[in-house]
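Trainee: Need a 3D model of the sequence below.
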Amino acid sequence: RLLYECGAVFDDQLGALDRDSKKFGTQGDNFDFALLVDGLSAEREQGITIDVAYRYFATQKRSFIVADTPGHEQYTRNMATGASTADVAILLVDARKGVLTQTRRHAFIVSMLRVRHVVLAVNKMDMVGFDRAVFDNIVREFTIAAKSLDLAAVTAIPVSARDGDNVARRSDRADWYLGPTLLDFLESVDASEPAAASAGFVMPVQWVNRPDLDFRGFAGTLASGAVRPGDVVRVAPRGQASKIARIVTHDGDLNEAIAGQAVTLTLRDEIDVSRGDVLVGEGANPKHGLKFGAHLFWAVETPLVAGQRFLIKLGAFETQAQVQVLHHAIDVATYAPMPAQSLPMNAVGLVTLALDRPAVFADYAQDRDLGGFILIDRMTNETVAIGLVNDAALAKLAKLDAPARAPWRLALERRMGIAGTQARAKFLRRLAGDGAGAVFIFGLVAWLAGSALAGLAAALLDIALRSFARRAGAYAQRQYDQRRDYNADGGGI
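Mentor: Next up, the predicted model:
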């Protein structure tokens, strides 16, 4: 409807839309505008959106790229693909059904992908008689649900996409609504990223340009900051330093390049710079290392389990990575973490990734270019997950997992060699896997939790330790041998 109202549908397209509406449409004798973007035969037969469709249009104030994405749970990964490059998200809610689980899932994914501006378009208001109470209840429910999400602003608009109410023109049937129309909002929203220009210079190297013996340049798009000839830069993660000699573009050399510009940089010194490296200026200090925490959106039917290995592609950088730990999944209904042994399709979880080579990265909340990545199946080359670096969440989790412990408990743990969260967890798994008695396990859990039964639990532990230690040690050795054999043959492949 928005394309039609803005004059972005030409006469020949209207003729095709009229024919398609009579054959596939669901609006009787009227145009079914959904057919403008639902071009797949399967989409038209089922009356749903499956793939992402991109359409371009412009008004006198701004140019737009619209990504029409699916709403059904089965195709959530396509929705995430479209949202990954968006500045503004429009969440459609059926006024008759209200906020659904899928609405919450989409809001969470939009928040993860740092799309800060959200329009809550309450559609089909004509089906409920433009009842203000219905609209207010939906807005209230969504506001409560999204309170924990990092959304800069949520603008709710009552619309009827079929009739055009509040899409590009104000509706007479909703005279109680005093806010902007959808088009007014899109033309006026500030979708810029001011932090990118003010941060230090960072440019991932996409291509080493070597046309002849006399020229060697490094091409890429500035992720943040600005750079000038003579500036000192470092090559991350290795750390070699040099100075910028030239800033080369198709239109000639520049005196300065800023965030968002695609340029080729030459250096004064002959140092090793390859595709996937990152040029970093003074004042910028992205992280680098072999391990980081990340939120994963799992996109394939085979569930994710800890220990699996994939190819990771972070910008132009590519190497192998292992999902070392699956810390938890996230409940899309409450946005709360929940225990998980695996991650099913369309689920989101917090993991620790271990890489084969050092990578330069940043939390996605601070830098999209250095914080977003994909995981690729090594055998099929299928993209299996969208990943967002989130070391901050991992650090927060570590703090929550390390409560203050009484001195006598710390001393006992050190005596047993199980000081620390991971050591205690491993010890508990060994005993549980070795068939330890329920009474002992209860006592050990109470002891670890610091309950009022800590004294009794400590006594039980002291008595039981001698009888179980030998079997627990043997069990741990068997587990170690199995993991060693598993890793030795390439992860079981």
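Trainee: residues of stretch 65-82 that come out buried?
Mentor: 66-71, 75-82 (16 or more other CB atoms under 10 Å). The C-beta positions use only the backbone N, C-alpha and C, and glycine is treated the same way.
Trainee: out of those, who's nearest A340?
Mentor: T76 (17.4 Å; CB to CB).
Trainee: Looks like the closest one contacts R105 (just checking).
Mentor: Yes. T76 is within contact range of R105, at 6.5 Å (criterion: CB atoms under 8 Å).
Trainee: between the two, what contacts are shared?
Mentor: In terms of CB atoms under 8 Å, 6 or more residues apart in numbering, T76 and R105 are both contacted by the residues N346.
Trainee: Flag the shaky bits of the chain, pLDDT-wise.
Mentor: 10, 13, 17-18, 20-29, 31-50, 193-198, 398-493 (pLDDT under 70).
Trainee: Do a quick rundown of the helices in it.
Mentor: 2-5, 11-24, 41-46, 76-83, 101-112, 132-145, 182-188, 194-198, 368-371, 391-400, 407-416, 421-433, 438-449, 454-488 (DSSP state H).
Trainee: could you check the angle helix 76-83 makes with the fifth one?
Mentor: Our comparison of helix 101-112 with helix 76-83, counting by axes from the mean of the first three to the mean of the last three CA atoms, to 10 degrees, yields an angle of 40 degrees.
Trainee: just use 544 as the starting number from now, easier for me
Mentor: Sure, I'll start counting at 544 from here, so that last one is helix 644-655.
Trainee: gap between helix 644-655 and the chain center?
Mentor: When distances are taken as CA atoms, centre = their mean, to the nearest Å, helix 644-655 is centred 11 Å away from the chain's centroid.
Trainee: So which bits of that helix are buried?
Mentor: Q645, T646, R647, R648, H649, A650, F651, I652, V653, S654, M655.
Trainee: Excluding covalently adjacent residues, which one is nearest to the fifth one?
Mentor: Okay, so that is H649. Using CB to CB, 6 or more residues apart in numbering and skipping the chain neighbours, the partner closest in space to H649 is L634 (5.8 Å).
Trainee: now do the first one
Mentor: Leaving aside its sequence neighbours, Q645 sits nearest to E616 (CB to CB, 6+ apart; 5.7 Å).
Trainee: Next, work out how far apart that neighbour and P846 are.
Mentor: 16 Å (CB to CB, to the nearest Å).
Trainee: Over to V775?
Mentor: V775 sits 48 Å away from P846, taking CB to CB as the criterion.
Trainee: Same question for G768.
Mentor: Counting by CB to CB - G768 and P846 are separated by 40 Å.
Trainee: neighbour-wise, which of these two wins?
Mentor: G768 (22 against 14; other CB atoms under 10 Å).
Trainee: just checking, the more buried one touches E825?
Mentor: No. G768 is beyond contact range of E825, at 9.5 Å (criterion: CB under 8 Å).
Trainee: Overlap in contacts, those two.
Mentor: Listed as contacting both G768 and E825 by CB under 8 Å, 6+ apart are G743, F744.
Trainee: Strands of the stretch 644-793 of the chain, start to end?
Mentor: 660-666, 696-701, 745-747, 750-755, 758-764, 769-770, 775-779, 783-791 (DSSP state E, counting those that start in this stretch).
Trainee: which residues touch N621?
Mentor: Contacts of N621 by CB under 8 Å, 6+ apart are I593, D594, V595, T612, P613.
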